[in-house]
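Undergrad: The sequence and its predicted three-dimensional model are supplied below.
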Amino acid sequence: MGYRHTPEAYLIDMDGVVYTGNRLMPGAGEFIFYLQEKEIPFLFLTNNASKTPEEYRARLASLGIHVSTDRIYTSALATTRYMSERWPKGTPVYVIGISGIRQALSESGFRILRNHKRAQAVVVGYDPHITYARLREATLAIYHGAAFIGTNPDVSLPTEDGIYPGNGAFLAALEAATGVSPTIIGKPSPTIFLEALDRLGTAPEKTAMIGDRVETDIVGAQNTGLLSVFLTGGVSGEEGLKQLDTPPDFVFRYLGDLLRWLKTFQKD
């Protein structure tokens, strides 16, 4: 960690960084309060497209972290923006996913179908109620030429019980069935990082991505020219460092450890 100056802005992953299940990660609340107190720009950047910004705001509030919805940017919002730049309003789409991605697409004028017929795109987000019937309809739509879009490639989801299957597991099933690879919008794709930077209004070389997944948070940040902060207390753990050709700019265990380091630069 050879930097003499701290980052000027932060993109912050949520699952495994701020909380796991209903448990707040060590120092997370204090870190967010510090950013608010010092008026340091930040944005929560999550690959999970299952919840709306309002649902995430309420979840954070239940854990003692109070932010406005404009501080929360999800892969559902990034996916909707990507699609709105390529398809007109009224375009019929088949969706695997729940409130987060469905609300974002509906509010942007896309027509969500109940089956594969007439679908011009298939959008797949995390869906804890996924069924064989939904996978079947998505497979048929892709087979008949619909674009295949994944909100994010995370193969697992950290919970208090352990690891659950993530959206990447659903994408893998559809890719195996169709032979078609999805277009990924969320991390590590540059798409979501560039949109987040646009929202913050900050330069990539002065903005740090804080994450616990090397294959999405850290690799994506490095490929987009951001600073990277890897937290070993999350999904990838210490072993994650061995997966990287280029080490992260900063390594800590939890947000609380990062906060203690930041305070060494604080001037009275």
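TA: Yep, it's here.

Undergrad: residues contacting the spatially closest residue to Ala172 that is not a sequence neighbour?
TA: Among residues not flanking Ala172 along the chain, Val155 sits closest, at 7.2 Å (CB to CB, 6 or more residues apart in numbering). From N, CA and C alone the C-beta is placed, and that goes for glycine too. The neighbours of Val155, taking CB atoms under 8 Å, 6 or more residues apart in numbering as the test, are Pro165, Gly166, Asn167, Gly168, Ala169, Ala172.

Undergrad: Show me which residues of the helix or strand containing the last one are buried.
TA: What that stands for is Ala172. Using DSSP states H and E, Ala172 sits within helix 167-178. Buried residues in helix 167-178, counted by 16 or more other CB atoms under 10 Å: Asn167, Gly168, Ala169, Phe170, Leu171, Ala173, Leu174, Glu175, Thr178.

Undergrad: Would you mark the buried spots in stretch 8-25?
TA: So, applying 16+ other CB under 10 Å, buried residues of stretch 8-25: 9-20, 24-25.

Undergrad: and these as CSV, adding pLDDT and secondary structure?
TA: Below are these laid out as CSV (pLDDT from 0 to 100; DSSP: H, G, I helix; E, B strand; the rest coil):
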residue, pLDDT, secondary structure
Ala9, 97, strand
Tyr10, 98, strand
Leu11, 98, strand
Ile12, 98, strand
Asp13, 97, coil
Met14, 94, coil
Asp15, 89, strand
Gly16, 90, coil
Val17, 96, coil
Val18, 96, coil
Tyr19, 94, strand
Thr20, 88, strand
Leu24, 95, strand
Met25, 96, coil
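
Undergrad: farthest pair in the residues you listed?
TA: Across the buried residues of stretch 8-25, the longest distance by CB to CB is 24.8 Å; it joins Ala9 and Thr20.

Undergrad: Which one of the contacts of Val155 is nearest to Gly29?
TA: Gly166 (25.2 Å).

Undergrad: my read: the closest one touches Leu157, true?
TA: Yes. Counting by CB atoms under 8 Å, Leu157 is a contact partner of Gly166 at 4.4 Å.

Undergrad: Now the common contact residues for those two.
TA: Common neighbours of Gly166 and Leu157 (CB under 8 Å, 6+ apart) are Tyr126.

Undergrad: show me what contacts Met209?
TA: 10-11, 13, 45, 193, 217-218, 220-221, 226-229.

Undergrad: Could you check how many residues crowd around Ser108?
TA: Ser108 is flanked by 16 other residues according to other CB atoms under 10 Å.

Undergrad: how close does it get to Gly150?
TA: 18 Å (CB to CB, to the nearest Å).
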